[in-house]
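Chemist: got a predicted structure here, sequence first:
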Amino acid sequence: MRRGARCLLLLAIAAILGSVVVAYRAKKREMRALAPSRPQPLPPGMTSSAANWSHTQMVANHITYYIEADDFRELKDSGPEPLPRFLVLRAVRDRNPVN
């Protein structure tokens, strides 16, 4: 009887492990099918590019300035100056100045 119980236990473990592997592979296949497409590679000579880029500077839960650009690009060897296509800069005044 022990030999039969041991075989049955090993068979149950193998069945559980097999079902986990099958579920893992099915989920992996599903995630691969639903994954977003890869972005296009950057053109030569460009280090970064962003659409609808924005930056906010905050001090003590108050926005000091907000910058947004429709098309942001930075070229190699151009230094820190970005090349935005359409730029909006909003500077916010402090409504409660500290005396």
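Modeler: Received the coordinates, thanks. Numbering: from 1, shown residues only.
Chemist: helix/strand/coil for the residue most central in space within the chain?
Modeler: Closest to where the C-alpha atoms of the chain average out (CA atoms, centre = their mean) is residue 36, at 11.3 Å. Secondary structure, DSSP: H, G, I helix; E, B strand; the rest coil: residue 36 is coil.
Chemist: distance of it from residue 3?
Modeler: 53 Å (CB to CB, to the nearest Å). Where C-beta positions appear, they are placed from N, C-alpha and C, glycine not excepted.
Chemist: now swap in residue 50 and tell me
Modeler: 66 Å.
Chemist: higher neighbour count, these two?
Modeler: Between residue 50 and residue 3, residue 50 has the larger neighbour count (other CB atoms under 10 Å), namely 14 against 7.
Chemist: spell out the secondary structure type for the nearest residue to that one once chain neighbours are set aside.
Modeler: Residue nearest to residue 50 in three dimensions, not counting chain neighbours: residue 72, with 4.4 Å by CB to CB, 6 or more residues apart in numbering. Following three-state DSSP, the label given to residue 72 is strand.
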